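Undergrad: here are the coordinates; sequence isn't available:
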């Protein structure tokens, strides 16, 4: 009735879950850092009228 699941499958699933969690955290950090684009006191400057931001 149930499909046969190999006993050692968790050793293959664990790295995949770790990769997915790391990817998720990386995406969240990128979203958080978008709040600071063009606002750095060291590298920031005032944009001219109609000038696009330095990030794509």
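TA: Perfect, thanks for sending it. For clarity, every value in this text was computed on a predicted model and none was experimentally measured. Numbers count the residues shown, from 1 in each chain.

Undergrad: And for residue 28, the neighbour number?
TA: For residue 28, the count of nearby residues is 10 (other C-beta atoms under 10 Å). Placement of C-beta: from N, CA and C, glycine included.

Undergrad: ah, wrong one, I meant residue 33
TA: Using other C-beta under 10 Å, the number of residues around residue 33 comes to 9.

Undergrad: mind checking how far it is from residue 53?
TA: The gap separating residue 33 from residue 53 is 14 Å, by C-beta to C-beta, to the nearest Å.

Undergrad: now residue 37
TA: Look at residue 37 and residue 53: by C-beta to C-beta, they are 6 Å apart.

Undergrad: What of residue 11?
TA: Between residue 11 and residue 53 the distance is 45 Å, computed by C-beta to C-beta.

Undergrad: if we can go back for a sec, so between residue 37 and residue 53, which is more surrounded?
TA: More crowded of residue 37 and residue 53, by other C-beta under 10 Å: residue 37, with 11 against 8.

Undergrad: And that one, how far from residue 2?
TA: With C-beta to C-beta as the criterion, residue 37 and residue 2 are 51 Å apart.
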